[in-house]
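[1] starting from these lines, generate the structure:
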Amino acid sequence: MMRAVIFDIDGTLLDSVDLHGRAWVEAFAHFGVETDQTEVRRQIGKGGDELMPVFLPRERLAREGGAIESYRSDLFKRKYLSEVRPFPAVRPLFERIRVGGLKIALASSGKRAEVERYQEILQIGDLVDVATSSDDADRSKPHPDIFEAAVKKFGGIDKDAMIVVGDTPYDAEAAGKAGLRTIGMLCGGFPEAELSAAGCVKIYRDPQDLLDGFDDSLLAST
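    As a prediction, this is how the structure comes out:
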């Protein structure tokens with residue numbers, strides 16, 4: 001019987017992936033690092049600790065990584081956060097999940113303050129039982145730390161009774177390493193084939209699609 005659902009946020013509940021990509025490109029450029037928007041976007045879903053090594057040599061990462069990530073964070077909040085919008089039907093989906101007796105967790109590679117702000121934008125704070133962020137993990141996705149932190153915070157719920165909902169292969173990889181299954185979402189922009197290859201057991205278009213098919217979904221399994 002399913003007892004808990006763990007949601008990724010960016011690209012799964014919020015239409016924010018392109019905005020994060022643009023913020024990273026601008027931040028890299030500010031430090032003289034030229035990057036491609038498409039390539040950066042494909043890394044969104046990882047935390048900065050896993051994203052930056054794709055574009056920076058080890059020596060420069062050690063020297064300037066903290067400054068670049070701090071600049072990116074401030075830039076996103078200042079320039080892009082106001083443009084972030086929820087995907088359709090997020091709150092109704094969460095309400096349906098709670099009616100079904102399931103607990104809800106949020107597990108994001110973002111900072112704790114970002115996760116708190118996202119709950120406000122999504123208007124779901126009263127429906128969330130557990131929230132984890134990069135502040136709860138030594139390593140971000142695709143490492144399992146963030147999901148393992150959510151499992152620990154739930155306490156006493158078997159992993160077989162939990163499922164992750166995410167939009168990137170990194171979500172599925174991280175969940176798999178934590179011993180959790182993943183439902184994939186296409187609204188973050190990754191192809192269905194990549195989500196399936198990463199281990200997603202079922203794929204939906206977006207939160208509205210999952211809500212529409214809820215009664216036949218794994219979330220309704222008993």
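
[2] on the three-state scheme, residue 184 is what?
    strand (DSSP: H, G, I helix; E, B strand; the rest coil).

[3] an error on my part: the question was meant for residue 163.
    Residue 163, by the three-state scheme (three-state DSSP), is strand.

[4] and it, what does it touch?
    Listed by Cβ atoms under 8 Å, 6 or more residues apart in numbering, the contact set of residue 163 reads 2, 4, 5, 6, 180, 181, 182, 183, 218, 219. The way it works is simple: take the backbone N, C-alpha and C, and place the C-beta from them, glycine included.

[5] and it, how far from residue 70?
    34 Å (Cβ to Cβ, to the nearest Å).

[6] hmm, who's touching stretch 182-192?
    In this structure, residues lying in contact with stretch 182-192 by Cβ under 8 Å, 6+ apart are 10-12, 15, 17-18, 41, 44-45, 87, 163-169, 171-172, 175-176, 195-196, 198-207, 210, 217-219.

[7] go through those residues and flag which are in helices.
    Among those, the ones falling in helices (DSSP state H) are 17-18, 41, 169, 171-172, 175-176, 195-196, 198, 207, 210.

[8] just the buried subset of those residues, please.
    For the ones in helices among the contacts of stretch 182-192, a burial check counting by 16 or more other Cβ atoms under 10 Å picks out 17, 18, 41, 169, 171, 172, 175, 176, 195, 198, 207, 210.

[9] rebuild these as CSV, extending it with distance to residue 49 and pLDDT.
    CSV is the format used below for those (distance: Cβ to Cβ, whole Å; pLDDT from 0 to 100):
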residue, distance to residue 49, pLDDT
17, 18, 96
18, 22, 97
41, 18, 96
169, 17, 97
171, 16, 96
172, 19, 97
175, 18, 97
176, 20, 97
195, 23, 98
198, 20, 97
207, 28, 98
210, 30, 98
